[in-house]
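>>> Got a predicted structure plus its sequence, pasted below:
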Amino acid sequence: MDDLVADVAAYLACLVSLAGTAGKLWLDRGRRSDPILRHGYLFGALLGTALALTAPVSAQLAARVLPLSDLSLLVLAADQLKVVAVGALATSAYWTLPEPVARRSARRQAALTALVCLAEVAAFLTAGPTRSGDTVVVDGSGRGALVAYIVLFTLHCVWCLAVFGTLMVRAAGYAGPGVLRLGLLLMAAAALAGLVWTSDNLTDIASVLARGTEDGAESTLSAVSAAVCVSLGFSGGTASTWAGPIGRRIGRRRARRDCARLAPLWEAVAAALPAVELRTRAGSAANGAPGPAGGDALFTRYRRVIEIRDGQLALGVCVHPGVPGWVALATAPLPEHERGSAAEAAFLAAALEAAALGRRFPDGPGMQGVVPPTSQGVAGEVTRLAGVAQAFRSSPAVSAVRERVRAELLAEPPTGPGGEPGTEPGTTEAGPARLWARRSDAT
């Protein structure tokens, strides 16, 4: 079972490397001169070829064509392709640095990779290993040279992966939130998976020292780590292609959820002041038939935030002078993190009660004490108003203030400054509709 998992993972890693490189070449048409991209293509093509050489089917075909003495050279060829591939990977990361530093670092990396390749070939030939099936066998005199070969290969891979991962994390720190940062972090995670992949070489070193053999095939851990590494790497490299549509879909679903969270507050305000609903050019209400599920949920959410805020401003003249004291008393037992939302919801509930009875208090406290005077952006407003909506619907403090306001207003007859209860001087109409009409005329 383990062999089957290792074989499937090895083929998957090979397929992702080769197909991912081809797909990336197609996506980047017109930008292929970028040194970061060029070295990325080189990494994918060489790594995919190396994985193809060590895949089980390739090993079986090679055994039928090559003499037994030359089969071990297949392992050498695959390993050298991997050495050059990870060298190209580190070089691509260096090009995220300022150009003079990047050029010097790229030259040093090329020299290091060439030196490692030459030293590995010399150590491998000195060891003189043979291959039997998937196993590389070396006699006692060649064990030290083969261990040196594996150590050189491992150290070079660890260095290149560490350079790549570190520079990707650094670049992600400079990038703002979005697709670019996501891609860079995915590639940094690929480097981490690559280190796990490389760690399997420690088992090979122990096997050579103890028995003079090295398993030329990928172990289950190594093959799975390879598949994860290349999948994360190419996912990061193509993040702008797939993350944008996925992000937009997630954004729309989140907007529909936000509209549902704001619904209790918005419905209460819109019922009291229908004119707060923004109108389209055709004259229909913005939150009409299509709704957030059938129309543009992002725009619907934006409109609802505006309409709720507009309604709060219009209802400010309906806040009874006693409301601040009643709210402070009702919210005192609540945890501190709930008081702000509950207080804002209670002020709005009190204003809605007064507006329903046609009562206004132009000299009252208004909403200034609870509604933030400046915008916090759409996301911040949605978060705040969602908390207010939750309190408006279920907080005992809001219910207590609502009942207190209703009792006070019903117990005291309205007395308007113009001599007619509940109205302004010279008017005969009271209630939310007249309130909004006067506010609209003023603006």
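Great, that's in hand.

>>> Please make it C-alpha for all contacts and neighbour counts, starting now.
Noted.

>>> give me the low-pLDDT residue ranges for the stretch 251-400 of the chain?
Low-confidence segments of the stretch 251-400 of the chain (pLDDT under 70): 279-295, 373-375.

>>> hey, where'd the strands end up in it?
With DSSP state E, counting those that start in this stretch as the criterion, the stretch 251-400 of the chain has no strands.

>>> any idea how far residue 50 lies from residue 412?
According to CA to CA, to the nearest Å, residue 50 and residue 412 sit 88 Å apart.

>>> Show me which of the two is the more surrounded one.
Between residue 50 and residue 412, counting by other CA atoms under 10 Å, residue 50 is the more crowded of the two (23 against 8).

>>> Let me see the contact set for that one.
77, 78, 79, 81, 82 (CA atoms under 8 Å, 6 or more residues apart in numbering).

>>> Can you give me the pLDDT of it?
In the predicted model, residue 50 carries a pLDDT score of 84.

>>> Just say helix, strand or coil for it.
helix (DSSP: H, G, I helix; E, B strand; the rest coil).

>>> Next one: it from residue 14, what distance?
8 Å.

>>> With residue 233 instead?
13 Å.

>>> Report the mean confidence score over stretch 178-192.
pLDDT averaged over stretch 178-192 gives 88.

>>> Mind listing what's buried along it?
179-192 (16 or more other CA atoms under 10 Å).

>>> In helices, which of the residues you listed fall?
179-192 (DSSP state H).

>>> Closest to residue 124 out of these?
Proximity of these to residue 124 (CA to CA) peaks at residue 191, which lies at 26.6 Å.

>>> Let me see the contact set for that closest one.
Here residue 191 is in contact with 161, 162, 164, 165, 229, 233 (CA under 8 Å, 6+ apart).

>>> OK, contacts around the third one?
The contact partners of residue 164, taken as CA under 8 Å, 6+ apart, are 89, 90, 92, 93, 94, 188, 191.

>>> Tell me if I'm right that the second one and residue 158 touch.
In other words, residue 90. No: Residue 90 is not in contact with residue 158 according to CA atoms under 8 Å; the separation is 10.5 Å.

>>> neighbour-wise, which of the two wins?
residue 90 (28 against 20).

>>> which residues does that one contact?
By CA under 8 Å, 6+ apart, residue 90 lies in contact with 109, 160, 161, 163, 164.

>>> what does residue 82 give?
Contacts of residue 82 by CA under 8 Å, 6+ apart are 46, 47, 50.

>>> Would you agree the first one is in contact with residue 81?
Just to be clear, that refers to residue 46. Yes: using CA under 8 Å, residue 46 is in contact with residue 81, at 5.6 Å.

>>> Which residues are in contact with each of those two?
With CA under 8 Å, 6+ apart as the test, residue 46 and residue 81 reach no residue in common.

>>> What pLDDT does the model give residue 406?
At residue 406, pLDDT is 90.

>>> Give the closest residue to residue 406 in space, chain neighbours not counted.
residue 353 (6.4 Å; CA to CA, 6 or more residues apart in numbering).

>>> Using PDB, write out every CA atom in stretch 254-268.
Coordinates of each C-alpha in stretch 254-268 appear next as PDB, following Å, rounded to 0.1, in the frame of the first residue of the first chain:
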ATOM      1  CA  ARG A 254     -20.000  37.200   2.600                       C
ATOM      2  CA  ALA A 255     -22.000  40.200   1.400                       C
ATOM      3  CA  ARG A 256     -25.200  38.200   1.300                       C
ATOM      4  CA  ARG A 257     -24.500  37.000   4.800                       C
ATOM      5  CA  ASP A 258     -23.900  40.600   5.900                       C
ATOM      6  CA  CYS A 259     -27.200  41.700   4.400                       C
ATOM      7  CA  ALA A 260     -28.900  39.100   6.400                       C
ATOM      8  CA  ARG A 261     -27.200  40.200   9.600                       C
ATOM      9  CA  LEU A 262     -28.200  43.900   8.900                       C
ATOM     10  CA  ALA A 263     -31.700  42.900   8.000                       C
ATOM     11  CA  PRO A 264     -33.400  43.600  11.500                       C
ATOM     12  CA  LEU A 265     -31.900  47.000  11.700                       C
ATOM     13  CA  TRP A 266     -32.500  48.000   8.000                       C
ATOM     14  CA  GLU A 267     -36.100  46.700   8.000                       C
ATOM     15  CA  ALA A 268     -36.900  48.700  11.100                       C
END
